[in-house]
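1. pasted the sequence and its predicted model underneath.
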Amino acid sequence: MIEPSEGVTREPRIVHVALDVPIDRLFDYRLGADMQAPAGTRVLVPFGARETVGVVFGSATASDTPPERLRDVRRVFADLPPLPEHWRALVSFTADYYQRGVGEVAHAALPPRLRRAAPLALEPDAYALTEAGRAAAVSLPGRQKHRRALLEALAGQPWRAAADLPLATPAARRALHDLVAAGWIMPHARESAPCDAHPAPRHALNAEQQAALDAITGATGTFAPFLLHGITGSGKTEVYLRAAEATVRAGGSVLVLVPEIHLTPALESAFGATFPGETLATLHSGVAETERAIRFAHALTGRARVVLGTRLAVFTPLADLALVIVDEEHDTSFKQSEGVRYSARDLAVWRARDAHCPVVLGSATPSLESWHNAQTGRYRLLSMPQRARPGAKLPPVRLVDLRTEPMEDGLAVPLLQAIDATLARGEQALVFINRRGYAPVLACGACGWAAGCTRCAAHLVVHLPERVLRCHHCGLVAPVPRACAVCGNVDVVPFGRGTQRVEAALAARFPAARLLRIDSDSTRAQGRFAELAEDVREGRADILVGTQILAKGHDFPRVTLVGVLNADAALVAADYRAPERLFAQLEQVAGRAGRADRPGEVLVQTRRPDHPLYLALARHDYTRFAATLLDERRSAGFPPFVHEAVLRADAPELTDAVELLREALRAAPPRDAHVMVYEPVPMTLARLAERARAHVLVQSRSRRTLQAFLTAWREQVGHLRRRHDVRWHFDVDPLEF
Ligand SMILES: [Zn+2]
Ligand SMILES: [Zn+2]
């Protein structure tokens, strides 16, 4: 133990700590005289009967908490440099905007390993003397030579690299750990040195790519939001890579967000080839806990210069953030659907604003929100309307009218003929149906009964290979019943089609073809998707059947035919965002055809070949389609022309959820005409995992007005008396209704 020396203050010092509790405030704790915990430090504190890890958000000499109730910080974690001010600002903004507690957000923003009460065994690459260490160094006895040597090496320096410290022996390293534990020295986030990127062999940029790159690099050092609208195959990745390279060369770091990393292996390997070793940190939920925490730390200390990750990576505290990229910015997986319901895309834009740097939102089919921002001049539009590969064109789209064309087992004859011709040429066909399983419904032909989930208001889906019924909402698995549960009829039959049924039909029709089904069932095992994708690229499959997993940014050079089944279902969905999503999905999957030197073709089976969505798809005309949808949204008063939030409640019984919402409405603060608050209604999926769900919609044309109302309202809702089994939360900019 190192005794605190004279001159170190013995006054009780107070830290304000963010804790993962649903109470929206910081909690005061007393810091021991031998402890150092600047803002951003993780600490272990008692809360009730347990101990929990929190993050220090501030400190003071006095507390409003009565001294007899003030408790002590149990432990200070010095394994990482303090989380920087910009990270805390992001957490605070997220908490305010999404109506959550600062501590809940701080907790969610940390990798799980850093929420645990055990320090990360990480060798920091730099250290600095703390104030206590500076004071103590003066009076350290000469016989503690390792400690003295370390303190002297750090004295008079803002920080030093670990490699430059006298740490040659185990005793010296023990001394280092003792000094860190005593709070005399702490890990330091070193100022980053520029790192060399290793560019892979490159294609020359075409004029549009070059113009986009020039615009982005020309905006370095300023907040500049860009919407990069590039058709499928236009070479957006190359623009991202070069912009990232330029940024890293200039000493900055880069945050790249993608919807689902294992579905975009091409992007990951392109970045991996350019940014070697630790300079690239990939972050997603599939990375093992400790490794994820280490990569988070590397970004914090500036060792990792490029962070490539899914939505959770938006909370990575990169040193010297100088460029933000959000690929496939329209993808709804950027929105977190439970806990802190943030949009990583929107937070990415906020981060760029905070860091005074450019942000690039890229998509072939931008979200209407981003498109509207580009139309109104808030974002700068960069267009890449050509495929990057010279001569490559978007494939023609043929609408196959199911009212007149004959079908065989759900597949229209023209599609079957086109598959025949594709196989004869030795090329690959992709059949897209966005529904996994064998059939979405198992029903009785006699009385109309359909197998439903006992926990959700949803039908069970037939999965034939395993011979079970599955709920796609809660995961319930049930045996296939032998007879109707109502009338006893033994003739219960699967209705509708999923990937497994289409696969079976194709196998029967093309017995010689090698079939590959790619959906979340067939790719569940770790690394399985990459293997299947490799099979496709290497030509070890003739026909692919798959869901939207196949639609993401893959390059399958041998695919020249894309068939789309059952897209009409999304045209009648109640959700006003359904057409936007369907168009994005179809344009993405159509973009898989003919990406190399062979021309492609897309066939869409539909009973509504004159629907504006299909006509726009046939022309690959996103711009006009977006204009039409925006007109509809404007006249209907939907986003982006209004801002929305919902207060949701869930309970075992619907009446209890609705009752809480009614009470919340009665308690709502006074509001002016600029805030519209609707009546409680059950959600579209009214029951999920044995909880009934209902919500109240709030709209306003002014985001500021909406925020002010929500903040005041949340305070009131928090004071309501409610049954313990009724839960509530706000969802700002919701995607689920
Ligand atoms: Zn029946
Ligand atoms: Zn269910």
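-> That came in fine, so what should we check first? Ligands and ions are numbered 1, 2, ... in the order given.
2. contact residues of this protein facing ligand 2?
-> Within the chain, the positions lying close to ligand 2 (C-beta under 5 Å from the ion) are Cys453, Arg455, Cys456, Cys471, His473, Cys474, Leu476. C-betas here are computed from N, CA, C, even on glycine.
3. just give me the neighbour total for Ser59.
-> 17 (other C-beta atoms under 10 Å).
4. one more: Cys487?
-> Neighbours of Cys487 using other C-beta under 10 Å come to 11.
5. show me the shaky parts of this protein.
-> The chain contains residues with pLDDT under 70 at 1-12, 190-201, 553.
6. one step back: just the buried residues from the residues of the chain next to ligand 2, in ChimeraX please.
-> Selection of buried members from the residues of the chain next to ligand 2 for ChimeraX, criterion 16 or more other C-beta atoms under 10 Å:
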select :453,455,456,471,473,474,476
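7. pick the one among the residues of the chain next to ligand 2 closest to ligand 1.
-> Closest approach to ligand 1 among these (C-beta to the ion): Cys453, at 17.9 Å.
8. thought that closest one was touching Cys471?
-> Yes. Cys453 is within contact range of Cys471, at 3.9 Å (criterion: C-beta atoms under 8 Å).
9. now the common contact residues for these two.
-> Both Cys453 and Cys471 are contacted by Leu460, under the criterion C-beta atoms under 8 Å, 6 or more residues apart in numbering.
10. rewinding a little: can you put the residues of the chain next to ligand 2 in JSON lines and add secondary structure and distance to ligand 1?
-> Converted to JSON lines, the residues of the chain next to ligand 2 look like this (DSSP: H, G, I helix; E, B strand; the rest coil; distance: C-beta to the ion, whole Å):
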{"residue": "Cys453", "secondary structure": "coil", "distance to ligand 1": "18"}
{"residue": "Arg455", "secondary structure": "coil", "distance to ligand 1": "22"}
{"residue": "Cys456", "secondary structure": "coil", "distance to ligand 1": "21"}
{"residue": "Cys471", "secondary structure": "coil", "distance to ligand 1": "20"}
{"residue": "His473", "secondary structure": "coil", "distance to ligand 1": "24"}
{"residue": "Cys474", "secondary structure": "coil", "distance to ligand 1": "24"}
{"residue": "Leu476", "secondary structure": "coil", "distance to ligand 1": "21"}
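11. run through who's touching stretch 665-680.
-> Residues outside stretch 665-680 that contact it (C-beta under 8 Å, 6+ apart): 649, 657-658, 661-662, 694-702, 705-706, 709, 712-713, 716-717, 719-720.
12. these in strands, which ones?
-> In strands, defined here by DSSP state E, the members of those are Ala649, Ala694, His695, Val696, Leu697, Val698, Gln699, Ser700.
13. quick check: the closest residue to the fifth one other than its chain neighbours vs His695, distance?
-> Read that as Leu697. Computed as C-beta to C-beta, 6 or more residues apart in numbering, the closest residue to Leu697 that is not its neighbour in sequence is Tyr678, at 4.4 Å. Tyr678 sits at a distance of 9 Å from His695 (criterion: C-beta to C-beta, to the nearest Å).
14. contacting residues around the residue nearest to Gly391 when sequence neighbours are not counted?
-> The shortest distance from Gly391 to any non-neighbouring residue, by C-beta to C-beta, 6+ apart, is to Asp597 (7.3 Å). Listed by C-beta under 8 Å, 6+ apart, the contact set of Asp597 reads Arg389, Gly391, Ala392.
15. what strand or helix carries the second one?
-> By that I understand Gly391. Using DSSP states H and E, Gly391 sits within no helix or strand.
16. since we're on it, how many residues are nearby?
-> Neighbour tally, Gly391, other C-beta under 10 Å: 7.
17. from Glu644, how far off is it?
-> Look at Gly391 and Glu644: by C-beta to C-beta, they are 45 Å apart.
18. can you check Ile216 too?
-> 31 Å.
19. now Ile231
-> Using C-beta to C-beta, Ile231 is found at 30 Å from Glu644.
20. quick one: contacts of stretch 369-386?
-> 206, 208-209, 211-212, 215-216, 224-231, 234-236, 239, 329-330, 360-361, 363, 366, 626, 630, 639-640.
21. and the residues you listed, which of them are in helices?
-> Among the contacts of stretch 369-386, DSSP state H puts Glu208, Gln209, Ala211, Ala212, Ala215, Ile216, Lys236, Val239, Ala626, Leu630 in helices.
22. buried subset of the residues you listed, written for ChimeraX?
-> Filtering these down to the buried ones (16+ other C-beta under 10 Å) takes a single ChimeraX command:
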select :208,209,212,215,216,236,239,626,630
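23. secondary structure class for the spatially closest residue to Pro465 that is not a sequence neighbour?
-> Spatially, and ignoring its direct neighbours in sequence, Pro465 is nearest to Gln500 (6.6 Å; C-beta to C-beta, 6+ apart). Following DSSP: H, G, I helix; E, B strand; the rest coil, Gln500 is assigned to helix.
24. now do the contacts for Gln500.
-> Gln500 sits next to Arg436, Gly437, Tyr438, His463, Leu464, Pro465, Arg517 when contact means C-beta under 8 Å, 6+ apart.
25. quick one: it from Val545, how far?
-> Distance, Gln500 to Val545, using C-beta to C-beta: 9 Å.
26. and Arg721, by the same measure?
-> Distance from Arg721 to Val545, by C-beta to C-beta: 53 Å.
27. and the two? which has more neighbours close in?
-> Val545 (29 against 6).
28. ok, back up a step: give me the buried subset of the contacts of Gln500.
-> Arg436, Gly437, Tyr438, His463, Leu464, Arg517.
29. using CSV, list the CA coordinates for stretch 632-647.
-> Taking C-alpha atoms only, stretch 632-647 is exported to CSV below (Å, rounded to 0.1, in the frame of the first residue of the first chain):
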residue,chain,number,x,y,z
GLU,A,632,-48.2,11.6,-50.2
ARG,A,633,-46.5,12.0,-46.9
ARG,A,634,-46.8,15.8,-47.0
SER,A,635,-50.6,15.6,-47.7
ALA,A,636,-51.1,12.9,-45.1
GLY,A,637,-49.1,14.7,-42.5
PHE,A,638,-46.5,11.9,-42.0
PRO,A,639,-42.7,12.1,-41.4
PRO,A,640,-40.5,13.8,-42.5
PHE,A,641,-43.2,16.6,-42.5
VAL,A,642,-44.0,15.9,-38.9
HIS,A,643,-41.9,14.5,-36.1
GLU,A,644,-43.3,11.6,-34.2
ALA,A,645,-42.9,9.8,-30.9
VAL,A,646,-45.0,7.2,-29.1
LEU,A,647,-45.6,6.4,-25.5
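30. for that stretch, the distance to its chain's centre please.
-> Put simply, stretch 632-647 sits 23 Å off its chain's centre (C-alpha atoms, centre = their mean, to the nearest Å).
31. and the contacts of that stretch?
-> 99, 368-369, 372-373, 576, 630, 661, 664, 695-703, 706, 710, 713, 717, 728-734, 737.
32. so for the residue in the stretch 201-350 of the chain positioned nearest to ligand 1, what's the nearest residue that isn't a sequence neighbour?
-> Closest to ligand 1 within the stretch 201-350 of the chain is Ser337: 35.3 Å, counting by C-beta to the ion. Nearest non-adjacent residue to Ser337, counting by C-beta to C-beta, 6+ apart: Glu736, 6.7 Å away.
33. helices and strands around the longest helix belonging to the chain, which ones?
-> Taking DSSP H as the criterion, the chain has its longest helix at helix 703-719. Applying 3 or more C-beta pairs under 8 Å, 6 or more residues apart in numbering; DSSP states H and E, one finds that helix 703-719 makes contact with helix 85-97, strand 643-651, helix 654-666, strand 675-677, strand 691-700, strand 727-732.
34. now do it and strand 643-651, the angle between them.
-> Interaxial angle, helix 703-719 versus strand 643-651 (axes from the mean of the first three to the mean of the last three C-alpha atoms, to 10 degrees): 20 degrees.
35. show me which positions of helix 703-719 end up buried.
-> Those would be Leu706, Gln707, Phe709, Leu710, Trp713, Arg714, Val717, for helix 703-719 by 16+ other C-beta under 10 Å.
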